[in-house]
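**Student:** predicted model, plus sequence, below.
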Amino acid sequence: MKKLSNFDWIIIIILFGVSVLIDDARSSLKKLKVKKITLLFIFLAFFLLSSFALTGQTRGQVSPYPVKSTAYWTKPTLSLSEAQSLARHDFLIVDLENKFNNYQVLQALKEMNPKLKLLAYSNPMEIHLIKYGDRPWQNRIIDEIVTTRTAWLLKTIAPINYEGFIATWVAKIMGDPDRKEDYAKFWSGMLMLNMSATCPRIDGQNYEEWMAQKLNREVLNDPIWDGYFQDNGTGNISWTHPGQIDIDGNQEADNDALVDKNWKEGMTNFILQIKKAKPAQFIIITNKGSLDFLNITSGKWFENFPNDYLGEKWANGWRQCFENAKKMGPYTVFQGNRSNVNFVLATTLLLDNVYLAISQDDSGIFPELEIETGRPLGRYENKNGIYYREYEKVSVMVDPLKQVGKITKK
């Protein structure tokens with residue numbers, strides 16, 4: 001049986017006291033022969049008070065999952081019913097637009113789970129091609145960039161199509177209609193922005209400096225936030241358009257190594273500007289499980305775990321992800337989906353610094369997370385490619401090649 005909280009006892013005492021008062025009032029009313037309509041009014045008041053109290057009880061009573069978990073909410077709006085489920089996690093990544101669209105829901109999340117940490121989500125590397133009615137903050141960013149700061153849009157230079165060195169040289173001098181500047185694109189329906197240290201300056205700032213300042217002043221200054229989540233927090237960018245990126249705005253494609261060097265410098269400065277503006281306990285997570293920015297982040301996000309874009313391909317990149325995660329901060333996350341919950345959950349339990357996330361924009365209830373593990377009894381063990389770890393109440397087994405994870409109660 002679930003132990004009653006202090007809030008539960010308060011509600012019980014209030015309802016008991018009101019019921020006693022109603023009973024006394026009813027006895028007095030009978031003696032005074034007051035009209036039935038007055039009695040009906042008193043009972044109606046009692047019903048409304050009870051409903052209010054019970055509603056508060058429902059919103060206030062959320063039991064966190066026993067295992068470490070988080071949720072990834074990139075929608076610009078969030079309802080109270082969705083929040084009721086999401087509040088059961090240890091921390092929640094929420095699109096920053098929710099601060100402007102439904103602030104009261106963010107407050108309700110903290111009421112439902114006072115220990116819950118909220119991280120503001122943004123994707124500073126891109127802007128939408130169109131404006132959406134439920135994204136007021138980004139709409140203002142779009143307006144400013146496309147009207148007065150277009151130099152900050154990342155550009156590509158298409159390769160010359162002529163064959164031979166002489167023809168290529170002549171075409172370049174004379175002007176080649178097939179060699180044109182274009183806007184860099186990564187995600188469908190969006191344009192990329194130049195996060196590099198060599199991005200052209202406007203009014204004394206480059207893009208990453210300006211964006212970090214905007215976030216600090218207009219979003220992260222609110223104490224509702226316990227941290228910041230940066231999507232597309234990659235330390236290199238040439239892989240999106242190999243050999244084509246104009247990283248300094250001089251209408252020339254730059255060498256990939258130079259592109260990545262300047263990109264990483266700009267990204268580092270962006271994170272540091274946010275970090276320096278916040279207290280030490282402020283959480284910063286970036287989305288990509290690479291070893292970039294480890295000394296200035298609180299953890300990393302492994303999207304669609306396991307993934308093989310980090311290098312090694314063994315077990316779909318499981319071992320590379322796992323080894324990288326061991327070197328990361330206390331808010332590292334393996335993101336699985338509904339079809340591989342047990343496998344990814346078991347993998348997170350092999351390490352002490354990793355949380356589980358399930359899918360994206362998913363406010364479901366997950367019975368798989370309702371498991372008491374107790375304390376770990378030691379580190380994990382690797383026996384011929386099968387990983388094991390013992391807890392007080394469960395045994396964990398992970399077979400990366402078969403993508404199988406088992407958590408067995410003792």
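**Tutor:** Yep, that arrived. Numbers count the residues shown, from 1 in each chain.
**Student:** give me the secondary structure label for the residue lying closest to residue 230 once chain neighbours are set aside.
**Tutor:** Across the structure, with CB to CB, 6 or more residues apart in numbering as the measure, the residue nearest residue 230 apart from its sequence neighbours is residue 286 (4.6 Å). Glycine gets a C-beta too; all of them are placed from N, C-alpha and C. Residue 286 falls in the strand class when you classify it by DSSP: H, G, I helix; E, B strand; the rest coil.
**Student:** quick one: contacts for residue 286?
**Tutor:** Neighbour list for residue 286: 229-230, 233, 271, 292-293, 297, 300-301 [criterion: CB atoms under 8 Å, 6 or more residues apart in numbering].
**Student:** which ones among those map onto strands?
**Tutor:** Secondary structure of these is defined by DSSP state E; positions in strands are 229-230, 300-301.
**Student:** which helix or strand in the chain has the lowest average pLDDT?
**Tutor:** Of all helical and strand segments in the chain, the minimum by mean pLDDT, DSSP states H and E falls on helix 36-60, at a mean of 46.
**Student:** now the element after it, going C-ward?
**Tutor:** Read in the C-terminal direction, the helix or strand following helix 36-60 is strand 69-73, with elements assigned using DSSP states H and E.
**Student:** what residues does that following strand touch?
**Tutor:** The set of residues external to strand 69-73 that reach it, using CB under 8 Å, 6+ apart, is 86, 88-95, 98, 121, 333, 335, 355-363, 366, 369.
**Student:** residue 226 and residue 62, how far apart?
**Tutor:** In this structure, residue 226 lies at 17 Å from residue 62, with CB to CB, to the nearest Å as the measure.
**Student:** secondary structure class of the most centrally placed residue in the chain, three-state.
**Tutor:** Ranked by distance to the mean C-alpha position of the chain (CA atoms, centre = their mean), the top residue is residue 93 at 3.2 Å. Remark: residue 93 carries the secondary structure label strand [criterion: three-state DSSP].
**Student:** wouldn't it be in contact with residue 231 here?
**Tutor:** No: using CB atoms under 8 Å, residue 93 is not in contact with residue 231, being 9.3 Å away.
**Student:** what is in contact with the two at once?
**Tutor:** By CB under 8 Å, 6+ apart, the residues touching both residue 93 and residue 231 are 74, 121.
**Student:** measure the closest residue to residue 401 other than its chain neighbours to residue 258 for me?
**Tutor:** With CB to CB, 6+ apart as the measure, residue 315 is the residue that lies nearest to residue 401, at 5.1 Å, once sequence neighbours are left out. For residue 315, the distance to residue 258 under the criterion CB to CB works out to 35 Å.
**Student:** out of the two, which sits in the busier spot?
**Tutor:** residue 315 (19 against 15; other CB atoms under 10 Å).
**Student:** so how far is residue 405 from the more buried one?
**Tutor:** Counting by CB to CB, the gap from residue 315 to residue 405 is 12 Å.
**Student:** residues in contact with the residue nearest to residue 401?
**Tutor:** For residue 315, the residues meeting the contact criterion (CB under 8 Å, 6+ apart) are 306, 400-401, 403.
**Student:** quick check, it in a helix?
**Tutor:** Yes: going by three-state DSSP, the assignment for residue 315 places it inside a helix.
**Student:** what's the pLDDT at it?
**Tutor:** According to the per-residue confidence, residue 315 scores 97 in pLDDT.
**Student:** ok, now the one 5 residues further on?
**Tutor:** In this model, residue 320 is scored at 97, pLDDT.
**Student:** hmm, it is touching residue 310, no?
**Tutor:** Yes: taking CB under 8 Å as the definition, residue 320 is a contact partner of residue 310 at 4.7 Å.
**Student:** those two: who's more crowded?
**Tutor:** The residue with the greater number of neighbours, taking residue 320 and residue 310 and applying other CB under 10 Å, is residue 320; the counts read 21 against 17.
**Student:** for that one, what are its contacts?
**Tutor:** Here residue 320 is in contact with 308, 310-312, 314 (CB under 8 Å, 6+ apart).
**Student:** 7 Å instead?
**Tutor:** Contact criterion CB atoms under 7 Å, 6 or more residues apart in numbering gives 310-312 as the residues in contact with residue 320.
**Student:** show me the domain layout of this protein.
**Tutor:** Under automatic domain parsing, the residue ranges defining each domain of the chain are 6-57, 66-370.
**Student:** reformat the ones you listed as TSV; add distance to residue 395.
**Tutor:** Formatted as TSV, the domains of the chain follow (distance: least, CB to CB, whole Å):
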stretch	distance to residue 395
domain 6-57	35
domain 66-370	10
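**Student:** and the ones you listed: which comes nearest residue 383?
**Tutor:** Taking CB to CB as the criterion, domain 66-370 is the member of the domains of the chain that comes nearest to residue 383, at 12.8 Å.
**Student:** I figured the residue nearest to the centre of the chain hits residue 121, correct?
**Tutor:** Yes: because the distance of 5.1 Å satisfies CB atoms under 7 Å, residue 93 is recorded as touching residue 121.
**Student:** list residues touching both of the two?
**Tutor:** Between them, residue 93 and residue 121 have residue 229 as joint contacts when contacts are counted by CB under 7 Å, 6+ apart.
**Student:** low-confidence ranges in the stretch 101-250 of the chain?
**Tutor:** Applying pLDDT under 70 to the stretch 101-250 of the chain flags the ranges 159-179.
**Student:** what about the strands in it?
**Tutor:** Assigned by DSSP state E, counting those that start in this stretch, the stretch 101-250 of the chain shows strands spanning 117-122, 126-128, 155-157, 181-183, 190-192, 227-230, 245-246.
**Student:** what does the second one contact?
**Tutor:** The reference is to strand 126-128. Applying CB under 7 Å, 6+ apart, the external contacts of strand 126-128 come out as 138, 141-142, 145, 186-187, 189-193.
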